[in-house]
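Prediction below, plus the sequence it came from.
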Amino acid sequence: MERREFLVGAGVAAAAGGVAVLATAAGEGPASAQGPLAAAGPVPGRTPQGQRGTELLRMQEDIKRALGKPEGQRRWVMIVNTKKCTGCMACVVACMAENVAGPGVTYRTVPEVELGDYPNVSRIFMPTNCQHCDNPPCLKAANAIAPGAVTKRPDGIVTFDYAKMKDPRVAEAAKKACPYTAVYIDQGKRWTEGTPAGQPYEKTVGFEYGEKWDRAGGGAPAGSARKCHFCLHRLNAGMLPACITTCDGGVTYFGDLDDAKSLVSELLARHQTLRLRAQLGTEPRVYYLADDAGAAETLNTCLACHRSGF
Ligand code: SF4
């Protein structure tokens, strides 16, 4: 499918979704199987809902199998298919809610990327987060000041020690070293800054790294450098990362590459992939499907922005 066709399809999806929401707001209830969504027909390029459900169940089984192995025998990876992303931002919102992110902290971003030259231009959405590099520049930079601030776990997940990451020198070093602009410094602010009281959603505790964090009470991770950790706390409880379970478009996949039966192993065997800035030797754990020249063009466009540190 041509990218132009895909974008047109995404527009149809958004329009159809809007009709459904309006119907609900008017008290007519959600769109039925015969309602506006069905009338719009299947959206080209999008994973059918039933298929995504099957994929989620399969990935769930994959991680359960992986958790049955020693940590060093799991190789967690993420795969992204930019062609299916409609920029709904559900993954971004889910991530922020799951990890109780304050203003200025976004583990996952979905920038809009423009392709081509005027007047032959199009736009796509490009989900991205920490790449969990096998050779992480953030680790070298931060640990040179505070050993143990960053850890590369045997299963590949790169973790931050929030106590050590409270030191501004360490936090800034990690942020500056990351070639993927994946590190954020939590200034401890709340979304309702300047109003008399915070909202309940700002006062919830987080459970990153399997611990209880009272950010609203002034404790870590307020004041620390933060980034995506593949929802390690959820994984340890046998659950997929929040961004995966909320990705309705079937864009993002997660699993154990050291398991030949996993969905991610199957996808990587079947598709051409690219990794962002792989020429730096960072060995990222996030793969982007790139079966055609258009996808390669997309990724190169993204790298132009990443180089300038947007
Ligand atoms: Fe570190 Fe950035 Fe690589 Fe994540 S993407 S492991 S923060 S260097």
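Structure's in. What do you need? Numbers count the residues shown, from 1 in each chain.

Could you pull out the strands in the stretch 201-310 of the chain for me?
225-226, 252-256, 273-274, 286-289 (DSSP state E, counting those that start in this stretch).

could I get these as a markdown table with mean neighbour count?
Every residue, glycine included, has its C-beta placed from N, CA and C. Formatted as a markdown table, those follow (neighbours: other C-beta atoms under 10 Å):
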| stretch | mean neighbour count |
| --- | --- |
| strand 225-226 | 28 |
| strand 252-256 | 26 |
| strand 273-274 | 16 |
| strand 286-289 | 23 |
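
now these in TSV, with mean pLDDT?
Output for those, formatted as TSV (pLDDT from 0 to 100):
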stretch	mean pLDDT
strand 225-226	98
strand 252-256	98
strand 273-274	94
strand 286-289	95
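
With just CA atoms, put the helix or strand containing Thr54 into CSV.
Using DSSP states H and E, Thr54 sits within helix 49-67. In CSV, the C-alpha atoms belonging to helix 49-67 read as follows (Å, rounded to 0.1, in the frame of the first residue of the first chain):
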residue,chain,number,x,y,z
GLN,A,49,-9.4,-5.4,16.1
GLY,A,50,-9.7,-9.2,16.4
GLN,A,51,-6.3,-9.7,15.0
ARG,A,52,-4.7,-7.3,17.5
GLY,A,53,-6.5,-9.2,20.3
THR,A,54,-4.9,-12.4,19.1
GLU,A,55,-1.5,-10.7,18.9
LEU,A,56,-1.8,-9.3,22.4
LEU,A,57,-2.8,-12.8,23.8
ARG,A,58,0.2,-14.3,22.0
MET,A,59,2.6,-11.7,23.3
GLN,A,60,1.2,-12.2,26.8
GLU,A,61,2.0,-16.0,26.5
ASP,A,62,5.4,-15.1,25.1
ILE,A,63,6.4,-13.0,28.1
LYS,A,64,5.1,-15.7,30.5
ARG,A,65,7.3,-18.2,28.8
ALA,A,66,10.3,-15.8,29.0
LEU,A,67,9.7,-15.2,32.7
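
I would like the residues contacting the next helix or strand after it, please.
Next helix or strand after helix 49-67 toward the C-terminus (DSSP H and E): strand 76-80. For strand 76-80, contacts defined as C-beta atoms under 8 Å, 6 or more residues apart in numbering pick out 66, 127-129, 132, 155-157, 230, 235, 251-257, 264, 267-268, 273, 285-289.

filter those down to the ones close to the ligand.
Subset of the contacts of strand 76-80 in contact with the ligand: His132, counting by C-beta under 6 Å from any ligand atom.

From what I see, Glu114 and Met126 are in contact.
No. Applying C-beta atoms under 8 Å as the test, Glu114 and Met126 come out as separate, 10.7 Å apart.

do you know which of the strands of the stretch 201-310 of the chain lies nearest Glu208?
Closest approach to Glu208 among the strands of the stretch 201-310 of the chain (C-beta to C-beta): strand 225-226, 8.3 Å.

can you tell me the helix or strand for Pro147?
Assigned by DSSP H and E, Pro147 falls within no helix or strand.

before we move on, the earlier item: specify the angle between the helix holding Thr54 and strand 252-256 in degrees.
Angle of helix 49-67 versus strand 252-256, following axes from the mean of the first three to the mean of the last three C-alpha atoms, to 10 degrees, is 30 degrees.

Roughly how far does Asp134 sit from the ligand?
9 Å (C-beta to the nearest ligand atom, to the nearest Å).

one step back: list the buried residues for the helix holding Thr54?
52, 55-56, 59-60, 62-63, 66 (16 or more other C-beta atoms under 10 Å).

the domain parsing of this structure - what is it?
According to automatic domain parsing, the chain comprises the domains 1-45, 48-308.

quick one, phi/psi of Lys152?
When read as degrees, to the nearest 10, the backbone of Lys152 gives phi -100, psi 110.

hey, what's it bridged with?
Applying DSSP bridges to Lys152 gives these bridge partners: Val158.

my guess is it meets Pro136, correct?
Yes. Applying C-beta under 8 Å, one finds Lys152 in contact with Pro136, separated by 6.2 Å.

Name the residue in the two with the higher neighbour count.
Set Lys152 next to Pro136 and count neighbours by other C-beta atoms under 10 Å: Pro136 wins out with 24 against 16.

Contacts only, for the closest residue to that one other than its chain neighbours.
Once flanking residues are discounted, Pro136 sits nearest to Val158: 5.3 Å by C-beta to C-beta, 6 or more residues apart in numbering. Contacts for Val158 (C-beta under 8 Å, 6+ apart) come out as 130, 132-133, 136, 138-139, 150-152, 227, 229.

Filter those down to the buried ones, ChimeraX style.
Here is the ChimeraX command that selects only those of the contacts of Val158 that count as buried (16+ other C-beta under 10 Å):
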select :130,132,133,136,138,139,150,152,227,229
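
I'd like the contacts of Val158 written out as CSV, with pLDDT added.
Below are the contacts of Val158 laid out as CSV (pLDDT from 0 to 100):
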residue, pLDDT
Cys130, 98
His132, 98
Cys133, 98
Pro136, 98
Cys138, 98
Leu139, 98
Val150, 98
Thr151, 98
Lys152, 98
Lys227, 98
His229, 98
